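Asks: generate coordinates for the sequence data below:
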Amino acid sequence: MPAEPVYLVIALAVVANLALMAFVIVPPMLGRRGPFTAPEALAGDDRVDAIRRAAAVTPAGESVAVDGVPARAYDRVVRIASWVFILATTVIVTVTGLWPDTAQAILILLATAGMFVLVVHDVLPARALGGAKFVVEGSVAVTFATLLILLTGQEKSPFFFTYPIIVAGAALVVSPRVTLALAGAASTGYLAAVLAPLDDGLLDPRGAATVGINLAALVLLAYVTMVIGREQRRSREAAIVASTVDPLTGLFNRTFFFSALEREIARSSRSGRGFCLVMADLDGLKDVNDRYGHFYGDRVLHTVGEVIRAGVRRIDTAARYGGDEFVVLLPETDPTGAWVLGEKIRIGVSDQAVPGPGFEVRTSLSLGIVSYPGDGQTADALMISADGAMYASKRAGRDRVSGPPPAESAAAPGEATERV
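Replies: The predicted model follows:
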């Protein structure tokens with residue numbers, strides 16, 4: 001096998017992958033949206049997507065790479081698998097002497113792969129590549145496997161197994177569409193490696209059979225791991241919803257809310273941009289339960305949850321705080337904006353009626369508004385202030401919004417409406 005064409009192929013592959021890395025890295029470094037990063041406004045608005053966006057870190061404070069996989073765990077697995085494979089292959093090549101004509105090129109390829117792993121997982125900041133990390137690593141891994149097979153006997157190479165490892169590993173953390181694309185790239189790379197005219201002879205029947213069986217095995221493995229990975233993601237998403245969403249109102253639960261509040265306090269402390277917190281209490285829920293039964297009390301709570309969810313923004317976090325209490329976290333919002341939202345929710349609840357046989361159940365909300373850091377610099381202090389503002393609304397006659405002086409002077413609350 002001539003050495004010069006092999007070195008040229010390696011050089012072209014390295015340049016192509018460096019160009020891909022620059023294509024996905026440079027735009028974020030210049031403050032622009034990367035080619036593989038969807039803008040927030042175009043993201044899906046389903047509940048699980050909202051949970052993924054809001055739960056940007058695990059409870060221990062560890063960042064999440066994708067689909068609930070902690071970034072630190074992902075990096076550790078990739079580093080261990082990559083370095084073990086590189087070191088094992090280096091030992092095999094140098095000790096066995098099976099590929100004397102291309103041994104130098106193989107060692108150069110292994111060294112280049114080691115440098116890539118070092119740069120991506122140790123030198124670059126953890127969030128430098130973002131979601132494009134899987135695209136870059138998949139491209140480099142497939143290119144590496146293709147060149148390694150090219151240098152170690154083509155269809156006789158013992159390193160075909162690197163393709164299934166790449167595809168199967170990716171299927172556990174990326175979408176089925178990306179898995180299929182990666183499997184297609186791996187199949188194309190394998191065919192290119194075994195059909196490259198580096199030797200004068202063509203594939204014999206045994207070699208052609210080996211290639212066909214390997215490709216069939218790769219496609220089947222991609223399908224199996226894709227299905228398993230998809231079902232695992234569905235189960236994980238169902239568990240996420242069950243542990244973070246209140247089933248009656250469809251809002252987040254108390255535990256999730258406090259995690260979001262702590263994250264927002266940390267973010268606001270770094271950025272210097274404040275936020276607001278709205279606490280609301282449903283007026284007269286006990287009377288509804290006593291007079292009409294808990295079924296209609298639950299219907300009222302569900303209706304209030306729908307009104308709140310329809311009124312908040314995608315970046316807001318609305319939660320059921322307790323039995324008949326609700327909270328809304330409003331990032332980068334001043335008291336006037338929070339007051340407008342509070343009035344919108346209050347009016348929306350007042351306009352709603354839960355129908356029953358021969359009657360309608362109507363109720364109202366008493367809301368309190370506080371802001372960070374003026375009304376509290378910790379989660380507990382903010383909640384105490386919000387609770388006080390909410391009970392100020394109740395003492396003033398219910399069905400109104402109370403908050404800091406600037407918000408109170410922005411609008412005059414009307415008289416409380418008599419409700420059940």
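
Asks: buried sites along stretch 331-349?
Replies: 331, 333-336, 338-339, 341-343, 345-349 (16 or more other Cβ atoms under 10 Å). From N, CA and C alone the C-beta is placed, and that goes for glycine too.

Asks: brain fart, stretch 157-177
Replies: Neighbour-count burial for stretch 157-177 flags 157, 159-160, 162-164, 166-176 (criterion: 16+ other Cβ under 10 Å).

Asks: average pLDDT across it?
Replies: Stretch 157-177 shows a mean pLDDT of 88.

Asks: hmm, who's touching that stretch?
Replies: 65-67, 69, 74, 81, 85, 89, 134, 138, 141-142, 144-145, 148-149, 152, 178-179, 182-183, 186, 189-190, 193, 214, 217-218, 221-222, 225-226, 228-230, 232 (Cβ atoms under 8 Å, 6 or more residues apart in numbering).

Asks: buried subset of the residues you listed, written for PyMOL?
Replies: Entered in PyMOL, the line below selects the buried ones among these, by 16+ other Cβ under 10 Å:
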select buried, resi 65+66+74+85+89+134+138+141+142+144+145+148+149+152+178+179+182+183+186+189+190+193+214+218+221+222+225+226+229
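
Asks: of the contacts of stretch 157-177, which belong to helices?
Replies: Judged by DSSP state H, these include 74, 81, 85, 89, 134, 138, 141-142, 144-145, 148-149, 178-179, 182-183, 186, 189-190, 193, 214, 217-218, 221-222, 225-226, 228-230, 232 as members of helices.

Asks: residue ranges with poor pLDDT in this protein?
Replies: Applying pLDDT under 70 to the chain flags the ranges 1-14, 17-18, 20-71, 128-131, 198-201, 404-420.

Asks: for it, which segments count as helices?
Replies: For the chain, the helices defined by DSSP H cover 3-29, 47-54, 71-96, 103-118, 133-151, 162-171, 176-195, 205-244, 254-271, 285-292, 294-311, 335-351, 379-395, 405-408.

Asks: how about those helices, which one is nearest residue 324?
Replies: For these, proximity to residue 324 was assessed by Cβ to Cβ; helix 285-292 is nearest, at 4.2 Å.

Asks: mind listing what's buried in that closest one?
Replies: Under the neighbour-count criterion of 16+ other Cβ under 10 Å, helix 285-292 has 285, 288, 289, 292 buried.

Asks: mind giving me the packing neighbours of it?
Replies: helix 294-311, strand 359-361 (3 or more Cβ pairs under 8 Å, 6 or more residues apart in numbering; DSSP states H and E).
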